[in-house]
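Q: Whatever this is, show me its structure:
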Amino acid sequence: MLKDRSKLTTEKRNARSRGIDRLSARGIVRVISDEDAKVARAVAAESEAIARAANLVVERFRRGGRLFYVGAGTSGRLGVLDASECPPTYGTPPSMVQGIIAGGRRALVRSIEGAEDRAEDGAKAVARKRIGPRDAVVGIAACGLTPFVRGALREARRVGAVTIFLTCAPESARLTKVDVLINPVVGPEVVTGSTRMKAGTATKLVLNTLTTTAMIRLGKVYDNLMVDLRATNAKLRDRAERIVMEVTGVPRPKARLLLKRAHGWAKVAIVMHFRRCGFNEARDILAKCDESLRAAIGR
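A: Okay, here's the model as predicted:
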């Protein structure tokens, strides 16, 4: 275990932000923006690792498994955020993608820093969720040393789950044995050690890419449209209507009627239109086509 945290990239001082307290607001913003510009390149360099992770997650989903994010502080909150956005975007059940944060729900809105220091708590969190061989666990730790996350990954690996580790510190990246390591190196933070900045941005990009890739591979996107969304509020109803109109070519009143018959489910409404069938038959067709809309309306 690495004992001297000052050696970590995420804890080093950034030479480009020295004297930042003397700058004007415009000068400060320029420094931050210049550093933020490096994040996308660092994440792009990990494309192959992210793709490997996405393929493993898809494999687990197809076996009826789940995806869990585990983190503390900013890392934990970003995991919970990504998980919470999957149901409205892709029509997934809330249990399919879940976030585990050290300190529990209270830590989402209030910092509970000491909660990350107990590896045994991470292992217990994995046990409480009954994580097993069909599941995938993504540990998120900017510095790579968070005991809660490392304990969770060890337990997940012990019970046979797929394990993925996301960290921005190359010095600690290989200290935890996992199936896939994702290590975007964004460099020292503008404010030394403030990993809610570049490391947090990199984490959000990686998680977005991971779940988006997985959902596309599962057939929840047709062309570049989120056809598996459920129209549960005004914004989503409008979007669902526009998606049905785009794919089928029908006018909005017809799209609205199709969605009503499909209980607000855009993908099913589209199948009902092309296959001239009812809701239940459309669902059966999609099931036989492995939930692929392209296959369902192409046959």
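
Q: ok, which stretches of the stretch 101-250 of the chain are strands?
A: 136-140, 162-166, 180-182 (DSSP state E, counting those that start in this stretch).

Q: Ranking the ones you listed by mean neighbour count, which comes first?
A: The highest mean neighbour count among the strands of the stretch 101-250 of the chain, using mean count of other C-beta atoms under 10 Å, belongs to strand 136-140: a mean of 29. The C-beta positions use only the backbone N, C-alpha and C, and glycine is treated the same way.

Q: quick one on the thing from earlier: in JSON lines, list the strands of the stretch 101-250 of the chain along with distance to residue 267 and mean pLDDT.
A: JSON lines is the format used below for the strands of the stretch 101-250 of the chain (distance: least, C-beta to C-beta, whole Å; pLDDT from 0 to 100):
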{"stretch": "strand 136-140", "distance to residue 267": "24", "mean pLDDT": "98"}
{"stretch": "strand 162-166", "distance to residue 267": "27", "mean pLDDT": "98"}
{"stretch": "strand 180-182", "distance to residue 267": "30", "mean pLDDT": "97"}
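
Q: of the ones you listed, which approaches residue 257 most closely?
A: Residue 257 sits nearest to strand 136-140 of all the strands of the stretch 101-250 of the chain, at 39.5 Å, using C-beta to C-beta.

Q: Would you mind measuring from the closest residue in space to residue 283 that isn't next to it in sequence to residue 240?
A: Excluding its sequence neighbours, the residue lying closest to residue 283 (C-beta to C-beta, 6 or more residues apart in numbering) is residue 268, at 6.2 Å. Between residue 268 and residue 240 the computed distance is 11 Å (C-beta to C-beta, to the nearest Å).

Q: same deal with residue 263?
A: Using C-beta to C-beta, one gets 11 Å for the distance from residue 263 to residue 240.

Q: Neighbour count for these two, which is higher?
A: Counted by other C-beta atoms under 10 Å, residue 263 and residue 240 do not tie: residue 240 has more neighbours, with 27 against 11.

Q: hang on, residue 152 packs against residue 99?
A: No: checked against C-beta atoms under 8 Å, the pair residue 152 and residue 99 is beyond contact range at 11.9 Å.

Q: Looking at these two, which one has more neighbours?
A: A count of neighbours by other C-beta under 10 Å puts residue 152 above the other of residue 152 and residue 99, at 30 against 22.

Q: Distance check, the more buried one against residue 87.
A: Distance from residue 152 to residue 87, by C-beta to C-beta: 23 Å.

Q: what does residue 28 give?
A: 38 Å.

Q: next one: residue 102
A: 23 Å.

Q: can you check residue 57 too?
A: Distance of residue 57 to residue 87, given as C-beta to C-beta: 16 Å.

Q: Would you mind telling me which of these two has the busier surroundings?
A: residue 57 (27 against 17).

Q: Name the SS class of that one, please.
A: Residue 57 carries the three-state label helix when classified by DSSP: H, G, I helix; E, B strand; the rest coil.

Q: show me the residues around it that make contact.
A: 67, 136, 162, 164, 210-211, 214 (C-beta atoms under 8 Å, 6 or more residues apart in numbering).

Q: let's see it at 10 Å
A: By C-beta atoms under 10 Å, 6 or more residues apart in numbering, the contact set of residue 57 is 65-67, 97, 135-136, 138, 162, 164, 180, 210-211, 213-215, 217-218.

Q: Return the distance of stretch 120-131 from the chain's centre.
A: Relative to its parent chain, stretch 120-131 has a centroid offset of 20 Å by C-alpha atoms, centre = their mean, to the nearest Å.

Q: all helices in the stretch 51-200 of the chain, in order from the N-terminus.
A: Assigned by DSSP state H, counting those that start in this stretch, the stretch 51-200 of the chain shows helices spanning 73-90, 119-128, 147-158, 198-217.

Q: Of the ones you listed, which is nearest residue 297?
A: Smallest distance to residue 297 across those (C-beta to C-beta): 17.1 Å, for helix 198-217.

Q: ok, now which ones touch residue 35?
A: Contacts for residue 35 (C-beta under 10 Å, 6+ apart) come out as 14, 16-17, 186-190, 197-198, 201.

Q: For these, please prepare CSV with the additional fields neighbour count, distance to residue 51 and pLDDT.
A: Compiled in CSV, those are given as follows (neighbours: other C-beta atoms under 10 Å; distance: C-beta to C-beta, whole Å; pLDDT from 0 to 100):
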residue, neighbour count, distance to residue 51, pLDDT
14, 16, 30, 91
16, 13, 31, 91
17, 19, 33, 93
186, 26, 20, 95
187, 18, 24, 94
188, 20, 28, 92
189, 25, 27, 94
190, 19, 30, 93
197, 19, 26, 95
198, 26, 22, 95
201, 22, 20, 97
